[in-house]
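A.B. asks: how does the following fold in three dimensions:
(chains A and B)
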Amino acid sequence: MKKNRVINMFFVILLASLNLLYSHMTVETAFDHAFTFHQDAGYLFSPYLKGTYKTDSLGSLKGEVSVVYADETLLLDQAFIKARTEKLSLTFGKTHLKWGEGVFFNSANILFPSDDILSSALSVSRYLTSVEIPLGDFSFVETTVVTKQTEAHIGLRGYTSLPSMKLEGGVVISDENIHPYLSIGKNWYVNISSPFWYDSNQHSLLKETYLSGGIRHIHFLLYGGTLSFVAEGELNLIANPLRVYSELSWATENRLVVALKAIGEVAPSPDVILEIASQYKILDTLTLSAGLSLKDVKDPELSLRVGLSALY
Amino acid sequence: MKRYLFLLILLLISIASLPALSADEIIQKMDEHQDFSSTIIKGSITRRDRFGELTSTYTAWAQGSDTFLLEFTSPAERGQKILRLDNQLYLFYPSAQELIRLQGSALRQSLIGSDLSYEDMSSHKNTLDVYDAKLLSSEIFNGRQCYVIELSSKKRNVAYPIQKMWVDATHYSLVKSEAFTASGRHLKSIEVEKTMMINNSVIAQKTLVIDQLKKNSSTTLEILSIEVDVPIEAHLFTLQNLRW
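C.D. replies: Alright, predicted model coming up:
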């Protein structure tokens, strides 16, 4: 009798928990298939699947888990929880943080730098613990510990919003480097970051200084829709490669976005990647995407990507 | 004949019985009428175009008429937030962790593809600070006795330089409105399709908005639930909450 009561109680709690989770969640699935043609390698087919489970805010807690299947490997992309009180917010788990400004190049994003010219910085995620302490309505300080393989990086930043711009600055400390950065701007933005390398003989030595910046402009079209333009550049002041990014996109107001993108290295070895990408919202929760990209004009590689993403 | 005469007399009596208020007084009453100290609204935005219908849902918290936070709750936009604070408008996109302050022409962008622009969310607490009001006439619209008022902007950088409003003569609530450029080009129409009574004030429960510059497009805003004059935590209107 007592056992039955416990079992009943267990199922009631389980059903209540599932109902609570179901009513406060988003499940997102994305299927991407890339068909790549290279004159030597021929056709390549690379499927990419991503599944994301997000909870809504359950009082002062929320969380997200996402897994990615690519190159015949299943990877944990993100798994984190967030908690908050009026005095602070805490993030714990595998995720990414965005520091600095920039759509494609962001030299201030020193915790999650991306080596791959085609991947955006937000695609990198790492195990971290972050504490954000608000200082007024639009200012905060944040301290973070990020693990990169066996190494721990400690980050500290301050953020404030002024009447016509935002101002952000911080530092990341690792075993070898102290890496400060400064980021300013809003519709235009400039980031500067510079790692300092330490050794016992020379207490500090400037290694490289990265400078990135850009502008964003949105133009409202008279009969609906928008035309937006992004132009960005990144310069390594020591090694001197200049990379540029430009994007022109047209969006109808409800369903369709078409973007033309060009990512190029100006110096030392000029190269360019061209891409046309489009997204069409079939239903409120179902989006079809397609893109055609051309890499390396001298030794061309053409990729066609089609994808479908759904939200529940 | 007698019947028409009776109706004419009834109409004249109803017009004659409207209180003799000036256009400024009517607009002031309309502003005061909707002046709640705070509101929490759960609502929906339904956009229609030639491809069909899309509906988004949201929760909005407002403190006075200058400060509000709107958070989308529908799957496609879940977590996107719009904050109006100190006359500034901020958007937050959770997937990109992107905070954008809207300024200048960006304010003219459509709100999630609807017939509303972000500029429409920058309402003025006191209409008469921005517009001169002129009483044109009184007429019956959708069975309601209305004052018809024309508003002409005092300032140059106003989204709608001329507006024509139909204001309910009993409850001083907005029934219909049409917005024009200074040269008289029709920009937008708003029509209240359903009202509800809250704390002795009549407010719009279902509103049809049509951007006259778009073809085959309309948007319906609907209030699904509303609480007024309730305490709202101040930390809702902060960067910490936007990034949450």
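A.B. asks: got any ranges where chain A has weak pLDDT?
C.D. replies: A:1-4, A:6-7, A:9-26, A:38-43, A:114-123, A:198-205, A:222-224, A:253-254, A:267-268, A:297 (pLDDT under 70).
A.B. asks: report how many residues lie close to residue A:241.
C.D. replies: Other residues lying near residue A:241 total 13 when counted by other Cβ atoms under 10 Å in any protein chain shown. C-betas here are computed from N, CA, C, even on glycine.
A.B. asks: does it touch residue A:265 like I think?
C.D. replies: Yes - using Cβ atoms under 8 Å, residue A:241 is in contact with residue A:265, at 6.1 Å.
A.B. asks: can you classify the residue nearest the centre of chain B by secondary structure?
C.D. replies: In chain B, the residue lying closest to the centroid (Cα atoms, centre = their mean) is residue B:120, at 7.4 Å. When classified by DSSP: H, G, I helix; E, B strand; the rest coil, residue B:120 comes out as helix.
A.B. asks: what's the distance between it and residue A:239?
C.D. replies: 49 Å (Cβ to Cβ, to the nearest Å).
A.B. asks: can you list the residues of chain B near chain A?
C.D. replies: Proximity of chain B to chain A, by Cβ under 8 Å from any Cβ of the partner chain, involves residues B:47, B:49, B:51, B:54-56, B:73-76, B:78-79, B:85, B:96-98, B:101, B:103, B:105-106, B:108-110, B:113-114, B:211, B:213-215, B:217, B:235, B:237-240, B:243-244.
A.B. asks: which of those residues are buried?
C.D. replies: B:47, B:49, B:54, B:56, B:73-76, B:78-79, B:85, B:101, B:106, B:108-110, B:113-114, B:211, B:214, B:217, B:237-240, B:243-244 (16 or more other Cβ atoms under 10 Å in any protein chain shown).
A.B. asks: just checking, next helix/strand downstream of the host helix or strand of residue B:47?
C.D. replies: Per DSSP states H and E: residue B:47 is located in strand B:38-49. Counting by DSSP H and E, the next helix or strand C-terminal to strand B:38-49 is strand B:52-63.
A.B. asks: lowest mean pLDDT among the helices and strands of chain B, which one is it?
C.D. replies: helix B:2-16 (a mean of 47; mean pLDDT, DSSP states H and E).
A.B. asks: ok, residue A:206 touching residue A:180?
C.D. replies: No - with contact defined as Cβ under 8 Å, residue A:206 and residue A:180 do not form a contacting pair (10.9 Å).
A.B. asks: more neighbours: which of the two?
C.D. replies: Shown here are residue A:206 and residue A:180; by other Cβ under 10 Å, residue A:180 has more neighbours (18 against 11).
A.B. asks: the residue lying closest to that one once chain neighbours are set aside: neighbouring residues, count only.
C.D. replies: Distances taken as Cβ to Cβ, 6 or more residues apart in numbering or on different chains place residue A:171 nearest to residue A:180, at 4.6 Å, with adjacent residues excluded. For residue A:171, the neighbour count with other Cβ under 10 Å is 16.
A.B. asks: for chain B, what are the low-confidence residue spans?
C.D. replies: B:1-19, B:123-125.
A.B. asks: the strand or helix carrying residue A:83 vs chain B: in contact?
C.D. replies: If you go by DSSP H and E, residue A:83 is part of strand A:73-84. Yes - applying Cβ under 8 Å from any Cβ, one finds strand A:73-84 touching chain B at A:82, A:84.
A.B. asks: would you mind listing what in chain A touches chain B?
C.D. replies: Residues of chain A lying near chain B (Cβ under 8 Å from any Cβ): A:26, A:54, A:56-57, A:62, A:82, A:84, A:86, A:89, A:97-98, A:122, A:132, A:134, A:137-140, A:159, A:161, A:186-187, A:218-220, A:222-224, A:226, A:252-255, A:281, A:284-285, A:311-312.
A.B. asks: residue contacts, residue 242?
C.D. replies: In the absence of a named chain, this looks at chain A. Neighbour list for residue A:242: A:233, A:234, A:235, A:265, A:266, A:267 [criterion: Cβ atoms under 8 Å, 6 or more residues apart in numbering or on different chains].
A.B. asks: not what I meant, chain B
C.D. replies: By Cβ under 8 Å, 6+ apart, the contact set of residue B:242 is B:69, B:81, B:83, B:90, B:92, B:99.
A.B. asks: again, only using 7 Å
C.D. replies: B:81, B:83, B:90, B:92, B:99 (Cβ atoms under 7 Å, 6 or more residues apart in numbering or on different chains).
A.B. asks: three-state assignment of residue B:231?
C.D. replies: Per three-state DSSP, residue B:231 ends up coil.
A.B. asks: number of residues surrounding it?
C.D. replies: Applying other Cβ under 10 Å, we find 8 residues neighbouring residue B:231.
A.B. asks: same question for residue B:27.
C.D. replies: Counted with other Cβ under 10 Å, residue B:27 comes out at 24.
A.B. asks: same check, this time on residue A:246
C.D. replies: If we define neighbours as other Cβ under 10 Å, then residue A:246 has 16 of them.
A.B. asks: quick check: closest non-adjacent residue to residue 193.
C.D. replies: I'll assume chain A. residue A:181 (3.6 Å).
A.B. asks: chain B, not that one
C.D. replies: Nearest to residue B:193 is residue B:206, by Cβ to Cβ, 6+ apart, at 4.5 Å.
A.B. asks: is that neighbour bridged to anything, and to what?
C.D. replies: Assessed by DSSP bridges, residue B:206 has beta-bridge partners residue B:194, residue B:222.
A.B. asks: so who does it touch?
C.D. replies: Counted by Cβ under 7 Å, 6+ apart, residue B:206 has contacts B:193, B:194, B:220, B:222.
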